[in-house]
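Engineer: What follows is a predicted structure for the sequence shown.
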Amino acid sequence: MSEPSRSFHPLLTGAAAGVAWADLLLGLNPHLVSPGPSFLLAAPCAALGALVASPVFFFRRAAAKPRRAGATLFGLLAGLFALFAEAQRTIFYSFVDGNARRILGGTAVVAGLWALVSLGAALAPGWRRAPKGAAAALFLVLFLAVPLLGARGRKSAPLATPPTLPAAATRSLLVVGLDGVSWDRVTEGASEGTLPTFAELLKRGTAGPLETLGAFERSALWTTASTGKRPSKHGVVSQENRETVAGSLFLRPILPGSSLRLGLPLARVRAAARVTRSLPFWEILGRRGHEAAVLGWPADTKTRTEERLDLFRVEPSRLDRPLVRALSPEGLPRGLAARTTLTGAARDLTVLGAAFGTVPRGPNNVLVLVLSGAGEVSRPFGPAGDPRYWGLPVPDPEAKRRALKAYYRFLDDLLRDLLEREGRDRTLCVFTPASFGPRPPLDAIGAFLRAEPPEAAPDAGEDGFLLLHGAGIRTGVRLTSAHLLDVAPTLLVLAGEPMARDIDGRVLAEAFDESFARSTSIPIVTTFEPDGAQ
């Protein structure tokens, strides 16, 4: 028997590969890193890996001349897995803490060593003979030890917040979140004159791209924008979980170049409980004496605005005829407008009507609303006329392009009405956490092979944008290094509140005009959290 075949045992190798996959899942779900759940996750993964490898075991027993090609192939696969594990550490860097990142890094290192050993056994003519299955057994033990890298050390007692904080200044805010709106299309429409409200805000305010998180998880992004903290800190990492015998898997590995999430077979899908461990900026302002109203914020379970929205519910069938004609250009397939532009417009008008009906009237207040209708429109209509979409033909491109532009004009009109009624004495913040762009390459290729029309998606990590306007904001300034984490701390300071040390974002002081910068000193507190710094 050849040297590589003696050190390669299919069943042990399959079990070790299964444990390596369990380590990857543990690194993305650090709440499972404890002896019981770790064993319940590793054991079925090892059994599944051995089961998958069992045909190879019986085939090799019957084969007369084992070859080195199998060991070479396995070495390459182990190397690819090492790269895959490192890619997950990079993609989910903001979603997991340092202990979990060490597990992911350890998994990548052990898999890389296994790849080197396998390739060395296959290619080096003088490789020392080893007992059968020795390498697989060694790396099985190493993978079993990897979760120890995530053992949590003893936490020091958090510093207490001083009982007396500086008094808040009198400043009101208007915060408008837009779901799925593209910075490129906003600036293009503003320069063409089709979006006059955006054009005026860009001319008299500060704006620029807003860097987003590495992986698109809608609940995590919006919670990060509201708290200024990474998902690993505020705790909202996904909209759904997968129930396994070991517990809930909130994060699953992403296949690079696609939006496909991998996990375990037969895991039940459930909606994740989206309760954040951190206070959003409007709750901080409310505790500091500001009056706040929040409408339509995704992933927010505390404001409970559904009943308020029901009072102002607009149905697509009740939209004005001129608006319906504008949002349903000639050439669109029957029923497509009803599922996209008209549904989105009805949803945004519902939020706007509820906002007008619940505007706080105090001297220092904050009105927060999210218009999410563009998300419904950008997905099917985004590729129309965009050369980045792999050069694939888009059915009815002119009609879809007109529908997309009409919806942006509709948003521009909504923003104009909102500013005319409620924006005169407020500092305005308009932002999008992530924009829709070309789908990841593997998704686009799969859609092409299935003869599906190209669609836009946020999964490729398209950045959003941020626009600030009003009192205290510089005129005509372009932001170049703004991050999603910076939204909440900037709004707190604009409202006259301190900055907390446990907030991960920074204050975008480059957006403040000279008079505001000279008259404002930013106090620093340890935390706004009632249970201490995070």
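Structural biologist: Alright, I've got the coordinates.
Engineer: contacts and neighbour counts: CA atoms only from here.
Structural biologist: OK.
Engineer: Report the distance from the lengthiest strand in the chain to the chain centre.
Structural biologist: Across the chain, the longest stretch assigned as strand under DSSP state E is strand 426-434. Here strand 426-434 is found 18 Å from its chain centre; the criterion is CA atoms, centre = their mean, to the nearest Å.
Engineer: Let me know the next secondary structure element after it.
Structural biologist: Sequence order places strand 437-438 as the next helix or strand after strand 426-434, per DSSP states H and E.
Engineer: Which neighbouring elements make contact with that following strand?
Structural biologist: Here strand 437-438 touches strand 456-457, going by 3 or more CA pairs under 8 Å, 6 or more residues apart in numbering; DSSP states H and E.
Engineer: Direction included, what does the strand it packs on pair up with?
Structural biologist: Here strand 456-457 has these sheet partners by DSSP bridges: strand 437-438 (antiparallel).
Engineer: Now whatever helix or strand comes next after the partner strand: average pLDDT?
Structural biologist: Using DSSP H and E, the helix or strand that follows strand 437-438 towards the C-terminus is helix 441-449. The average pLDDT for helix 441-449 rounds to 88.
Engineer: Mind listing what's buried along helix 441-449?
Structural biologist: Using 16 or more other CA atoms under 10 Å as the test for burial, helix 441-449 gives 441, 443, 444, 445.
Engineer: thinking again about what came up before, buried ones in the longest strand of the chain, by neighbour count?
Structural biologist: Under the neighbour-count criterion of 16+ other CA under 10 Å, strand 426-434 has 426, 427, 428, 429, 430, 431, 432, 433, 434 buried.
Engineer: contacting residues for the second one?
Structural biologist: Right, residue 427. By CA atoms under 8 Å, 6 or more residues apart in numbering, the residues touching residue 427 are 171, 172, 173, 174, 468, 469, 470, 471, 472, 494.
Engineer: Ok, the fifth one next?
Structural biologist: When the contact criterion is CA under 8 Å, 6+ apart, the partners of residue 430 are 175, 176, 177, 178, 466, 467, 468.
Engineer: taking those residues one by one, which sit in strands?
Structural biologist: 175, 176, 177, 178, 466, 467, 468.
Engineer: so which of those residues is the most crowded?
Structural biologist: The residue in the ones in strands among the contacts of residue 430 with the most neighbours, by other CA atoms under 10 Å, is residue 468 (26 neighbours).
Engineer: burial of residue 532, as a residue count?
Structural biologist: Around residue 532 there are 14 residues (other CA under 10 Å).
Engineer: Would you mind measuring from it to residue 279?
Structural biologist: 12 Å (CA to CA, to the nearest Å).
Engineer: got any residues that touch both of these two?
Structural biologist: By CA under 8 Å, 6+ apart, no residue touches both residue 532 and residue 279.
Engineer: just the strands in the stretch 1-150 of the chain please.
Structural biologist: Applying DSSP state E, counting those that start in this stretch to the stretch 1-150 of the chain gives no strands.
Engineer: next one: the stretch 251-400 of the chain
Structural biologist: Under DSSP E, counting those that start in this stretch, the stretch 251-400 of the chain gives strands at 268-271, 291-295, 365-371.
Engineer: that older thread, and which of the ones in strands among the contacts of residue 430 is nearest residue 504?
Structural biologist: For those, the closest approach to residue 504 (CA to CA) belongs to residue 466, at 17.7 Å.
Engineer: per-residue pLDDT, that closest one?
Structural biologist: Looking at residue 466, the pLDDT reads 96.
Engineer: So, low pLDDT: which residues of the stretch 351-500 of the chain?
Structural biologist: 385, 387, 390, 460-461 (pLDDT under 70).
Engineer: For it, which segments count as helices?
Structural biologist: Per DSSP state H, counting those that start in this stretch, the stretch 351-500 of the chain carries helices over the ranges 373-381, 397-422, 441-449, 487-494.
Engineer: who does the last one touch, helix- and strand-wise?
Structural biologist: Using 3+ CA pairs under 8 Å, 6+ apart as the contact criterion, the secondary-structure elements in contact with helix 487-494 are helix 218-227, helix 281-287, strand 499-500.
Engineer: what about 7 Å?
Structural biologist: Applying 3 or more CA pairs under 7 Å, 6 or more residues apart in numbering; DSSP states H and E, one finds that helix 487-494 makes contact with helix 218-227.
Engineer: right, and the helix or strand after the helix it packs on?
Structural biologist: Per DSSP H and E, the first helix or strand lying C-terminal to helix 218-227 is helix 231-234.
Engineer: Okay, buried residues for that next one please.
Structural biologist: For helix 231-234, the neighbour count (16+ other CA under 10 Å) marks 231, 232, 233, 234 as buried.
Engineer: got it, and stretch 509-529?
Structural biologist: Buried-residue list, stretch 509-529, by 16+ other CA under 10 Å: 511, 512, 525, 526, 527, 528, 529.
Engineer: Now secondary structure and distance to residue 82 too, for these, in CSV please.
Structural biologist: Shown next, in CSV, are these (DSSP: H, G, I helix; E, B strand; the rest coil; distance: CA to CA, whole Å):
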residue, secondary structure, distance to residue 82
511, helix, 42
512, strand, 45
525, strand, 42
526, coil, 39
527, coil, 39
528, coil, 40
529, coil, 39
